[in-house]
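Colleague: The following block contains a protein sequence and its predicted model.
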Amino acid sequence: MNIETAKHSGFCFGVKRAIQIATETAQSHEKTVTLGPIIHNPQMVEYLQKKGLHSIDDINDIQDETIIIRSHGITADNYKKLKEQDKKIVDATCPFVKKAQEFAQKLIEDGYQLYILGEKNHPEVEALLSYIDDTAVVVSNPDIEFPKPRKGRVALIAQTTQSEDKFERLASRLLSYCEELQIVKTICNATILRQEATRNLSQKVDIMIVIGGKNSANTTRLAEIARAEGCKTYHIETQEELKDEWFEDVETVGITAGASTPNWIIHSVKEKIKEMNETK
Ligand code: SF4
């Protein structure tokens, strides 16, 4: 059985940066917490917890700790509250997420009706909306009905981890309802590379194993892309979820991992698949 890993998979620049900032801060400050999990990978969050870096969900639970803002960013309201309370803040928001927030603000200021391709309840989109007073229309699926534009001038951006295909479909649908459409592709390059690599690999293997948090938007998208190519696909978080029957009559296995999946998890999955193959 051949096992091939996607050309681009695992940690992206923004996640590496956030983890580095978080671990350095935890080492140099006595009490440190992250507001929400630093990244969407439960195993990495648990690993960091063991190193003393805890995550809290409610801003009111913060006492005298230094607060690390996670890669997805936080809402404008929470940021203001932390500043007013004079809390110590270390900002690990990914620069590409910040860039999308700036584009959103500029497009609203310029008078466009803004559409965002994304998941309304994802922390990145919640933060994005908070900087524009919730004035955008969020569309998660361009193939079903969504509120039509009220203005002739419309703009479109995306959550950084959305798929290019969906983005193009939404752009094309919006174009039929307005006179002017400003498109800013805020999908980050790491996302595009991982999606392309997953698509290419899933076209040539018998099954795909997609590794990453079940709560990770970008990992879930990789699994969707592999399935859309007609490839039998399993989304797992760790090697413990692998099942012998998945590999029956399988000659080639493709492996990919979301931008928040650490290398040690990818490695342990590969090793486990090799071991299962040897004991068949
Ligand atoms: S996926 Fe892109 S936007 Fe998200 S953290 Fe990674 S580099 Fe930043």
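Modeller: Looks like it arrived, so ask away. Numbers count the residues shown, from 1 in each chain.
Colleague: What residues does this structure have near the ligand?
Modeller: Taking Cβ under 6 Å from any ligand atom, the part of the chain that reaches the ligand is made up of 12-15, 71, 94, 96-97, 160-161, 188, 190-191, 218, 259. Using the backbone N, CA and C atoms, a C-beta is placed for each residue, glycine as well.
Colleague: Would you mind checking those residues for buried ones?
Modeller: With neighbours counted using 16 or more other Cβ atoms under 10 Å, the residues of the chain next to the ligand contain these buried positions: 12, 14-15, 71, 94, 96-97, 160-161, 188, 190-191, 218, 259.
Colleague: Which single one of those is nearest to L35?
Modeller: Nearest to L35 out of these is S71 (Cβ to Cβ; 11.6 Å).
Colleague: start to end distance for stretch 221-235?
Modeller: Here the two ends of stretch 221-235 are set 10 Å apart, with distance taken as Cα to Cα, to the nearest Å.
Colleague: quick check, distance from that stretch to the centre of its chain.
Modeller: Averaging C-alpha coordinates over stretch 221-235 and over its chain gives two centres that are 16 Å apart (Cα atoms, centre = their mean, to the nearest Å).
Colleague: can you pull the buried residues of it?
Modeller: Within stretch 221-235, the residues that qualify as buried by neighbour count (16+ other Cβ under 10 Å) are 221-226, 229, 231, 233, 235.
Colleague: Point me to the residue of the stretch 1-150 of the chain nearest the ligand.
Modeller: When distances are taken as Cβ to the nearest ligand atom, the stretch 1-150 of the chain reaches nearest to the ligand at G14, 2.5 Å away.
Colleague: backbone phi and psi for that residue, please?
Modeller: phi -70, psi -40 (degrees, to the nearest 10).
Colleague: Kindly report the same for K232.
Modeller: Phi and psi for K232, reported as degrees, to the nearest 10, are phi -60, psi 120.
Colleague: so the residue lying closest to it once chain neighbours are set aside bridges to which residues?
Modeller: If you skip the residues right next to it in sequence, K232 has I207 as its closest partner in space, 4.6 Å away by Cβ to Cβ, 6 or more residues apart in numbering. Per DSSP bridges, residues listed as beta-bridge partners of I207: K232, V253.
Colleague: how much space between I207 and H235?
Modeller: Relative to H235, I207 is positioned 12 Å away (criterion: Cβ to Cβ, to the nearest Å).
Colleague: now the strands: where do they sit in the protein?
Modeller: Secondary structure of the chain, counting by DSSP state E: strands at 2-5, 32-35, 54-56, 66-69, 89-91, 113-117, 137-139, 153-158, 180-183, 207-211, 232-236, 252-257.
Colleague: Send me the fourth one as CSV with only the CA atoms.
Modeller: Backbone C-alpha positions of strand 66-69 (Å, rounded to 0.1, in the frame of the first residue of the first chain) are rendered in CSV as follows:
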residue,chain,number,x,y,z
THR,A,66,-1.8,38.3,30.5
ILE,A,67,-4.3,37.7,27.7
ILE,A,68,-3.2,36.2,24.4
ILE,A,69,-5.5,36.9,21.6
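Colleague: From the rest of the structure, what touches it?
Modeller: When contacts are defined by Cβ atoms under 8 Å, 6 or more residues apart in numbering, strand 66-69 is touched by residues 21-22, 25, 29, 31-35, 38, 53, 79, 82, 87-93.
Colleague: and if we set it to 7 Å?
Modeller: Around strand 66-69, the neighbours that count as contacts under Cβ atoms under 7 Å, 6 or more residues apart in numbering are 21-22, 25, 29, 31-35, 38, 82, 87-93.
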